[in-house]
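Student: After the sequence you'll find the predicted model.
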Amino acid sequence: MSRLHLHLLSDSTGETLENVAKAAIGQFENVEAIRHFWPMVRSEVHLTRILQEIAVNPGLVLFTLANPLLRRKLEMQCRGLGLPHVAPLDTVTDAMSNILGQETRNRPGRKHILDAAYFARIEAIQYTIAHDDGVGHENWEEADIVLVGVSRTSKTPTSIYLANRGYKTANIPLVPESPPPDALYRLKHPLVVGLTISPDRLVLIRRNRLLSLNQAPETAYVDLDRIQAEVAFARRMIADNDWPTIDMTRRSIEEAAAAIINLFNERGMDDGEADDSTGERLPA
């Protein structure tokens, strides 16, 4: 059974968020959703305490916050932690805003235009979610970017970040006991990038992950010798295939994504361009 920490933040009662979360969870089988409910979030002090709890129990963050300062702080912290964060009402209010020709009362800033770039970004997000952790090798060729690396090298959060910039991204674990499908080595269109990390840093990340899931902190998953062998295997595979490498030891998700996008553009692979105002990739 899959386990998911679900953080629900609202500046009101949070009833809407609860209904959205309940409906979404109902679409999946064998999922244990651990809900962390945070209603009436209306101050930075309150939000700071909540963010500390989120860091201890990382997971999906759903929020409805009208205050732009609180919203911005939450989004920045979630990006720093590499956590997916979603404002479920944004798409609906943006659509209404476009139809009515007016801005929302509680959400400042320019509205998202429902144009080709918007739909391309949504398509990239859908593709990326459907191709997480080695899933869907039949159409990896449709990806813009493919990330490979051992477990806990930030493949998933980096993929989601890239998807939000408009890049279809698949990520594939490199496991010595279970090598990836041959389809990986036959890819022609996508840019394949290897994510690596120092073994010592990886031990800490994995141990914290086990503790957050209330699992035994000392297992083969965090054994230093085993991790050194895993990392060596991944680095050898990346080098043998001449894939560019990003070291995640001291690099944030945003920094890694920026480096990957630069690699993508340097190779002349992008048939679109960047929107200077949003940083998102625009379709050609």
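Tutor: Looks like it came in fine. Numbering: from 1, shown residues only.
Student: Am I right that residue 193 sits in a helix?
Tutor: No: looking at residue 193 with DSSP: H, G, I helix; E, B strand; the rest coil, it is strand, so not inside a helix.
Student: That one contacts residue 153, doesn't it?
Tutor: No: using CB atoms under 8 Å, residue 193 is not in contact with residue 153, being 11.0 Å away. The way it works is simple: take the backbone N, C-alpha and C, and place the C-beta from them, glycine included.
Student: Looking at these two, which one has more neighbours?
Tutor: Neighbour count, other CB atoms under 10 Å: between residue 193 and residue 153, residue 153 has more, with 27 against 24.
Student: tell me the contacts of that one?
Tutor: Residue 153 sits next to 195-197, 202, 248 when contact means CB atoms under 8 Å, 6 or more residues apart in numbering.
Student: Residue 233: which of the residues you listed is nearest?
Tutor: residue 196 (11.1 Å; CB to CB).
Student: For that closest one, give the beta-bridge partners.
Tutor: When bridges are called by DSSP bridges, residue 196 pairs up with residue 247.
Student: didn't it look like it was pressed against residue 233?
Tutor: No: the criterion here is CB under 8 Å, and residue 196 misses it with residue 233 at 11.1 Å.
Student: Which of the two has more residues huddled nearby?
Tutor: Between residue 196 and residue 233, residue 196 has the larger neighbour count (other CB under 10 Å), namely 19 against 16.
Student: any idea how far residue 14 is from the more buried one?
Tutor: From residue 196 across to residue 14, the span is 40 Å (CB to CB, to the nearest Å).
Student: picking that back up, and the contacts of residue 153, which two are furthest apart?
Tutor: Of all pairs drawn from the contacts of residue 153, the greatest distance, 11.1 Å, lies between 195 and 202 (CB to CB).
Student: Show me where the stretch 151-284 of the chain has its strands.
Tutor: In the stretch 151-284 of the chain, the strands defined using DSSP state E, counting those that start in this stretch lie at 169-173, 191-196, 245-247, 273-274, 281-282.
Student: got the domain boundaries for this structure?
Tutor: The chain breaks down into these domains under automatic domain parsing: 2-113, 117-282.
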